[in-house]
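Asks: mind folding the following:
(one chain, ligands or ions: 2)
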Amino acid sequence: MSRLVIISNRVSAPSGGGAQGGLAIALSAALRESNGIWFGWSGEEIETFTGNINFQRNQGVATATIDLEAQDIDEYYNGFANRTLWPLFHYRIDLAEYERGFAGGYERVNARFAETVVPLIEEDDLVWVNDYHLIPLGRELRARGCENRIGFFLHIPWPPTRLLMSLPSHRELVESLFAYDVIGFQTEDSLDAFRGYARSQFDAEIDDAGVMTYDGHSVRLIADPIGIDTADFRASATSETARERFSRMRESADGRTMMIGVDRLDYSKGLQERFLGYERFLSANPEQQGKVFLLQIAPPSRGEVQSYQEIRATLDSLSGRINGEFSNVEWVPIRYVNKGYPREQLAGMYRAARVALVTPLRDGMNLVAKEYVAAQDEADPGVLILSRFAGAAEQLTDAILVNPHSPEEVSDAIATALAMPLEERIARWRAMMDNIEQEDVFWWRRRFTDMLEATPHEMTA
Ligand SMILES: O=P(O)(O)OC[C@H]1O[C@H](O[C@H]2O[C@H](CO)[C@@H](O)[C@H](O)[C@H]2O)[C@H](O)[C@@H](O)[C@@H]1O
Ligand SMILES: O=c1ccn([C@@H]2O[C@H](COP(=O)(O)OP(=O)(O)O)[C@@H](O)[C@H]2O)c(=O)[nH]1
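Replies: Ligands and ions are numbered 1, 2, ... in the order given. Have a look, this model is predicted:
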C-alpha cells in the first residue's frame with residue numbers, strides 16, 4: 001500500500017491522557033497501520049508565520065506540525081472554520097457569521113498549509129485531506145504542481161443546498177472540492193445533499209457508481225462512516241484503570257442508576273435540550289427522583305468563540321436550576337463536569353452507566369455513541385439513546401432513536417431505557433456491537449484509501 005500523507009487542522013499525537021477529539025483518535029489508529037505522516041497545525045501560536053516544521057514520532061505516529069500566527073488562528077480557526085462553516089454545516093445559520101476577513105484568513109492559511117506540506121509529499125504518496133478547515137487545500141496543492149491522488153473526507157454533515165447557499169462564497173468553496181479525486185462523507189444523507197448541490201448548481205453529472213464529472217474532471221463520491229478501534233476500546237473497558245473507575249463510580253452512585261453523556265461543550269451536541277428532556281422525565285416520573293442521576297462530562301471547547309461562551313453560560317445556569325429544583329441533601333440529579341477524561345477512565349464510566357444519552361442536534365458521526373456500545377458488559381449491557389440527527393444513527397438503528405428537540409421524546413426514551421428487560425437490552429446491544437465490530441476505524445480507512453488508490457491518476461485535473 002502507498003504511504004499516506006494525512007493532513008488535518010489539528011495534529012494531536014497519541015498521549016497518555018487528556019481529551020482528544022474523535023478525529024484525532026481515529027486518525028492515530030489509521031496512521032499506525034499505514035506508516036504514514038500526519039501534517040497540520042500544532043495548536044500553538046507564533047508571532048510571525050515561518051513555515052518551520054516540527055517533526056516528531058509518538059507511539060508509532062509520525063507528525064509534522066507548523067505554528068500559526070494570531071491573525072491566522074483568529075480568522076481561519078476561530079473565524080471561518082468555527083464561526084462560519086461549523087454552524088452553517090450543522091444547520092445553525094442563525095449562528096453563522098459571514099465576514100470577509102474570515103474568508104481571507106481561511107484562504108491564506110490553506111495556501112500556507114499547501115506551501116509547507118508540498119515538499120513532504122513523495123511521488124507515490126496518497127494524500128488525504130481531512131475536514132472543513134481545509135476544503136480548498138486540494139486546489140492549493142494542485143496549483144503547486146501536486147499530481148498525487150488526493151482525497152478529502154468531511155467529518156461533519158454536508159448541509160442541504162438551501163442552507164449552504166446562505167454562504168456568500170458557496171460556489172467557489174464547492175468548486176474547490178473538484179480538485180480532489182475522492183470525496184468522502186460520513187453518511188448517505190450528506191452524500192445525497194452534496195449530489196443535490198453539485199447537480200443543481202454545477203450541472204455536474206453523477207453516474208450510478210458515484211463518479212461525478214464536471215468540466216472534464218472526475219471525482220469519486222463515497223459515503224464512508226467513520227468507526228472506532230472497537231477491539232482496542234473494548235479491551236480498554238476492562239483494563240485496570242477502567243475497572244478501578246467503574247468501581248469508584250458504582251460506589252459513588254450508592255445504589256442509584258447512572259446515566260451518562262460525554263460531549264465537547266458545543267451547541268451542536270444538544271446539551272441544553274438533553275437537560276430539558278431529563279427535567280421533563282424527573283417531573284413526569286416523580287418516583288424516579290433520588291433513584292437515577294445523569295453524569296454529564298462536557299470539556300470546554302473553542303472557548304474563544306462567543307457562541308461557545310454563551311452555550312457554556314446557558315448550561316451552567318440550566319444545570320444549576322434543575323439541580324436546585326430537584327436536589328435534596330442526599331441526591332443531585334445532574335453531575336455536570338466541565339473537564340475532559342482519558343479514554344480508559346471514560347470506558348469505565350460508560351460501563352458503569354445503564355443508559356447513555358447521545359442527543360446531538362446535528363453531528364457528523366459521534367464516536368461517543370460507538371464507544372459506549374463497545375464498553376458494555378455483554379451479560380448486562382446498557383441502553384443507548386441516540387439522536388436521529390447523529391451520523392451514527394444510520395448504523396446504530398437498534399439504539400432508542402429520538403428527536404433531540406422534543407423533551408417528551410427524550411423523557412419517554414429515558415423511561416423506556418430504564419425499564420428495558422435484560423433480554424431486549426442484550427438483543428439491541430448485540431446488533432449494534434456487530435455493526436461497530438464490522439465497520440470499525442480500519443474498515444473506514446481501508447474503504448477510503450482503497451478507493452483513492454483505485455482512482456486512476458489520469459482522472460486528476
Ligand atoms: O479540534 P477541535 O476544534 O477541538 O474539535 C474536535 C473535533 O471535532 C469535530 O469532530 C468531527 O469528527 C468526528 C470524527 O469523524 C465525528 O465523530 C464528529 O461527529 C465530528 O463533529 C471536528 O470535525 C474535528 O475536525 C475536530 O478535531
Ligand atoms: O473527556 C473526554 C471527552 C471526550 N473524549 C473523546 O472525544 C471523542 C469525541 O468524538 P465525537 O465524535 O463524539 O465528537 P467530536 O468531539 O469529535 O465532535 C470521543 O472519542 C471521546 O472518547 C475524551 O477522550 N475525553
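Asks: name the residues of the stretch 51-200 of the chain found near ligand 1, please.
Replies: Residues of the stretch 51-200 of the chain lying close to ligand 1 (CB under 6 Å from any ligand atom) are 131, 155-156. For glycine as for every other residue, the C-beta is placed from the backbone atoms N, C-alpha and C.
Asks: what is the nearest of these to residue 5?
Replies: residue 131 (15.1 Å; CB to CB).
Asks: so that closest one touches residue 153, yeah?
Replies: Yes: using CB atoms under 8 Å, residue 131 is in contact with residue 153, at 7.3 Å.
Asks: quick one: which of those two has more around it?
Replies: Higher neighbour count among residue 131 and residue 153: residue 153, with 26 against 20, using other CB atoms under 10 Å.
Asks: partners of that one in the sheet?
Replies: Here residue 153 shows beta-bridge partners residue 130, residue 184, assigned using DSSP bridges.
Asks: quick check: residue 247 vs ligand 1, distance?
Replies: 29 Å (CB to the nearest ligand atom, to the nearest Å).
Asks: output the lowest mean pLDDT helix or strand found in the protein.
Replies: Using mean pLDDT, DSSP states H and E, the weakest-scoring helix or strand in the chain turns out to be helix 22-34, at a mean of 70.
Asks: could you give me the buried positions within stretch 167-181?
Replies: Judged by neighbour count using 16 or more other CB atoms under 10 Å, the buried positions of stretch 167-181 are 167, 169-170, 173-181.
Asks: got those residues as a markdown table, with pLDDT columns?
Replies: Listed next are these as a markdown table, based on pLDDT from 0 to 100:
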| residue | pLDDT |
| --- | --- |
| 167 | 97 |
| 169 | 95 |
| 170 | 98 |
| 173 | 98 |
| 174 | 98 |
| 175 | 97 |
| 176 | 97 |
| 177 | 97 |
| 178 | 96 |
| 179 | 96 |
| 180 | 97 |
| 181 | 97 |
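Asks: now, among the residues you listed, which is nearest to residue 404?
Replies: Distance to residue 404 across those (CB to CB) is lowest for residue 167, with 25.0 Å.
Asks: residue 44: which element?
Replies: According to DSSP states H and E, residue 44 maps onto strand 37-46.
Asks: that strand vs ligand 1: in contact?
Replies: No: Strand 37-46 lies apart from ligand 1 when judged by CB under 6 Å from any ligand atom; the minimum separation is 8.4 Å.
Asks: any idea which helix or strand comes after that strand?
Replies: strand 54-58.
Asks: pull up the pairing partners for that following strand, direction included.
Replies: In the sheet, strand 54-58 lines up with strand 61-69 (antiparallel) (DSSP bridges).
Asks: look up how far ligand 2 lies from the closest residue to residue 406 other than its chain neighbours.
Replies: Nearest in space to residue 406, with sequence neighbours left out and distances taken as CB to CB, 6 or more residues apart in numbering, is residue 277 at 7.6 Å. Relative to ligand 2, residue 277 is positioned 19 Å away (CB to the nearest ligand atom).
Asks: and the host helix or strand of residue 277, which residues are buried?
Replies: Assigned by DSSP H and E, residue 277 falls within helix 271-284. Within helix 271-284, the residues scored as buried using 16+ other CB under 10 Å are 271-282.
Asks: show me what contacts the residue nearest to residue 36 when sequence neighbours are not counted?
Replies: With CB to CB, 6+ apart as the criterion, residue 36 has its nearest non-adjacent residue at 3.3 Å, and that residue is residue 4. Going by CB atoms under 8 Å, 6 or more residues apart in numbering, residue 4 touches 30-31, 34-37, 125-126, 128, 449.
Asks: just to revisit the earlier point, filter the buried residues of helix 271-284 by proximity to ligand 1?
Replies: Of the buried residues of helix 271-284, not one also sits near ligand 1 (CB under 6 Å from any ligand atom).
Asks: show the subsequent helix or strand relative to the helix holding residue 277.
Replies: Past helix 271-284, the next helix or strand by DSSP H and E is strand 292-297.
Asks: ok now that next one, how far from the chain's centre?
Replies: 22 Å (CA atoms, centre = their mean, to the nearest Å).
Asks: what does that strand rub up against?
Replies: 249, 253, 256-263, 271, 274-275, 278, 319, 331-337, 339-341, 346, 349, 353, 357, 418.
Asks: per-residue pLDDT of residue 69, please?
Replies: With respect to pLDDT, residue 69 has a value of 97.
Asks: can you tell me the closest non-neighbouring residue to it?
Replies: residue 49 (4.8 Å).
Asks: from what I can see the one you found touches residue 70, true?
Replies: No: applying CB under 8 Å, one finds residue 49 not in contact with residue 70, separated by 10.1 Å.
Asks: span of stretch 175-188 from start to end?
Replies: 21 Å (CA to CA, to the nearest Å).
Asks: enumerate the residues of the stretch 351-461 of the chain near ligand 2.
Replies: 365-368, 371.
Asks: go again using 8 Å as the cut-off
Replies: Listed as neighbours of ligand 2 in the stretch 351-461 of the chain under the rule CB under 8 Å from any ligand atom: 358, 363-369, 371.
Asks: let me have these in JSON lines, extended by secondary structure.
Replies: Converted to JSON lines, those look like this (DSSP: H, G, I helix; E, B strand; the rest coil):
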{"residue": "358", "secondary structure": "strand"}
{"residue": "363", "secondary structure": "strand"}
{"residue": "364", "secondary structure": "coil"}
{"residue": "365", "secondary structure": "coil"}
{"residue": "366", "secondary structure": "coil"}
{"residue": "367", "secondary structure": "helix"}
{"residue": "368", "secondary structure": "helix"}
{"residue": "369", "secondary structure": "helix"}
{"residue": "371", "secondary structure": "helix"}
